[in-house]
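Undergrad: Got a predicted structure plus its sequence, pasted below:
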Amino acid sequence: MKDVEKKILDDLEPVLQSMGIELVEVNAAVVKKIFNIRLVIFREEGIALKDCEGVHKVVQPRFELLLESRDIALEITSPGIDRKIKGNREYRIFKGKSIRVLLEDESEWISGRISEADAETLTLSAQDGDRRIQLNTIRKAKLDHTMEAR
């Protein structure tokens, strides 16, 4: 994570959590002297347009102070139903959601619901029981909306 993205994450995470929203991802880049910032937000009940508007109203002035600029292009979005997990902190954020995981030394995806997650391990609940997985052994992971109706 770039320094400016970490700075944004550290500043906004507690603010958004107080609104009942998790900050999943921050992308920031400067293009032609304009700060382009993309925030991915999540709430268990789902993200609606009004949630994105509310977050925009709260964070826009904070960015102007934090980045000392008024030239900011801000995009706020939900993670989507088939999001690829991009960092270990996302397992905690998506606790209770169904995911598919591909481990380093395996060729078959493992499916289950995230029942626990910490900085080092993930516990998946599946029909055949719980499975603890070391995060450093995960090659790929993504949300799996096909299991949500079950």
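TA: Looks like it came in fine.

Undergrad: how's this structure carved up into domains?
TA: 3-77, 89-147 (automatic domain parsing).

Undergrad: what mean pLDDT would you report for the longest one?
TA: Per-residue pLDDT values over domain 3-77 give a mean of 91.

Undergrad: and what of the shortest one?
TA: Regarding domain 89-147, the rounded mean pLDDT is 93.

Undergrad: Tell me which of the domains of the chain lies nearest to residue 83.
TA: Proximity to residue 83 (CB to CB) singles out domain 89-147 among the domains of the chain, at 4.7 Å. Glycine gets a C-beta too; all of them are placed from N, C-alpha and C.

Undergrad: can you give me how far the closest one is from the chain middle?
TA: For domain 89-147, the gap between its own C-alpha mean and the chain's C-alpha mean amounts to 15 Å (CA atoms, centre = their mean, to the nearest Å).

Undergrad: thinking again about what came up before, next, format the domains of the chain as CSV and append distance to residue 83 and mean neighbour count.
TA: Listed next are the domains of the chain as CSV, based on distance: least, CB to CB, whole Å; neighbours: other CB atoms under 10 Å:
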stretch, distance to residue 83, mean neighbour count
domain 3-77, 8, 15
domain 89-147, 5, 15
